[in-house]
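>>> 3D, please:
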Amino acid sequence: MQNTIIINKVLMHMLDFEHNTIHLSEEFAPINDTTRDYYHKKIEKALYSNQLKELTVPSLHEMILRGDKMVESDEEFLHQAKEITEHFFKLGTMIQAMPNANMLYVDCYQDGEHVIACLKLNYKYVPMTVIEEGNVRLTRRQIMPTQGSPVDEAIVINVDKKTISLIEKKYSIDGKLQTYLNKEWIKGEEKLTDRQKFNTMKKVVNKLDDIYHVNKTEGLPVMKRIMNEKLMNDEVIKPIEIVKKVLEKDYQASEEADVMMKDLGVGEDDVMKSMPSGKSLETCKLTTDTEVEVKMNVEDYVSGTNYEKVKNEDGTITLMLKNINELVIK
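Numbers count the residues shown, from 1 in each chain. Below is the predicted model of the structure:
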């Protein structure tokens, strides 16, 4: 997996819901030492977000056509971005708690594929000190999102593949927390996010492993080790391929995994671009019925290094940890 982003151009508008107006830029934003890192980090946060979900839409969908137009010329890019911004603003005015936002439009290449990303960067409310008539008071003000904050909402158009993906945020609408972008505008059929794909993989592996006991150790650590190996070798992560690899020693289990994954919404050609956060792929956690938890390196657990499990005659299990030089209580 390359995870390479090359930015061609950037345009920014502002949605000022506080004053019921739109501030439109007439020119592209400069990309220099001051702004480059911010733009790159925001587009990276969007394109590799585990909340990014691909939609199935008609080939002549409005946003597919807009993406094609935006790569034709600077004039079309400015024109289409203006209309998209106006549409975002119209939808936003119907939601009472909608904060101000910057609309960041990025023409870029993601791992060699041409992408147009429309990012809605919502402002955050923070406490501020104000001085009024000699008195110090606290109030709340809106500030633009920081470089490291997640992207709350986005429409990502892959111009080469003719696909649309969304990041959506839930707002209180008609008394219920719900999203609005796909429902009110895009109207596509949702595919699973990368997080949902990973959870589906775990669900299928755990269920079939309980039935068939394919590997010497549990299936989930084996699955994590396979994913780690593919990441180290810069290979594409295909959920169905990996799940079947975990269960490949049992033909029946492997075939059932293929059917289950597809029934749960994971396609044969689906891939994962965003991996689970932190060290969740590198570690596995053993939890006993006596509420004892042991966290181990996945590779050590699968290979049986530095521990031993012994089944006792009374049905209980003894877990022995080996080669420990020091024990630290945290």
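>>> which residues does the spatially most central residue of the chain contact?
Compute the mean C-alpha point of the chain, and by C-alpha atoms, centre = their mean the closest residue is Asn50, 1.3 Å away. Residues in contact with Asn50, defined by C-beta atoms under 8 Å, 6 or more residues apart in numbering, are 193-195, 198, 274-277. C-beta: built from backbone N, CA, C; applies to glycine.
>>> same check, this time on Gly219
Here Gly219 is in contact with 205-206, 208-209, 246-247 (criterion: C-beta under 8 Å, 6+ apart).
>>> how about those residues in CSV, adding pLDDT?
Below are the contacts of Gly219 laid out as CSV (pLDDT from 0 to 100):
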residue, pLDDT
Val205, 96
Asn206, 95
Leu208, 96
Asp209, 93
Val246, 96
Leu247, 96
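>>> of these, grab the buried ones for ChimeraX.
Of the contacts of Gly219, the buried ones can be selected in ChimeraX as follows, counting by 16 or more other C-beta atoms under 10 Å:
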select :205,208,209,246,247
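>>> Gly315: which of the contacts of Gly219 is nearest?
Sorting the contacts of Gly219 by how near they are to Gly315, with C-beta to C-beta, puts Asp209 at the top with 20.2 Å.
>>> which SSE is that closest one in?
helix 194-212 (DSSP states H and E).
>>> cool, and Lys262?
helix 251-263.
>>> other SSEs contacting that helix?
helix 194-212, helix 239-246 (3 or more C-beta pairs under 8 Å, 6 or more residues apart in numbering; DSSP states H and E).
>>> out of the ones you listed, flag the one nearest Leu65.
Nearest of the helices and strands packed on helix 251-263 to Leu65, taken as C-beta to C-beta: helix 194-212 at 26.8 Å.
>>> return the closest one as CSV; C-alpha atoms alone will do.
Only the C-alpha atoms of helix 194-212 are listed here, as CSV (Å, rounded to 0.1, in the frame of the first residue of the first chain):
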residue,chain,number,x,y,z
ASP,A,194,-12.9,0.0,6.3
ARG,A,195,-13.7,-0.2,10.0
GLN,A,196,-16.9,-2.1,9.2
LYS,A,197,-15.0,-4.4,6.9
PHE,A,198,-12.4,-5.2,9.7
ASN,A,199,-15.2,-5.9,12.2
THR,A,200,-16.9,-8.2,9.6
MET,A,201,-13.6,-10.0,9.1
LYS,A,202,-13.3,-10.5,12.9
LYS,A,203,-16.9,-11.7,13.2
VAL,A,204,-16.6,-14.3,10.4
VAL,A,205,-13.2,-15.6,11.5
ASN,A,206,-14.3,-15.9,15.2
LYS,A,207,-17.5,-17.7,14.3
LEU,A,208,-16.0,-20.2,11.9
ASP,A,209,-12.9,-20.8,14.1
ASP,A,210,-15.3,-21.8,16.9
ILE,A,211,-16.9,-24.3,14.6
TYR,A,212,-13.9,-25.8,12.7
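>>> going forward can the numbers begin at 618, since that is how I track them
With 618 as the first residue, the last one maps to helix 811-829.
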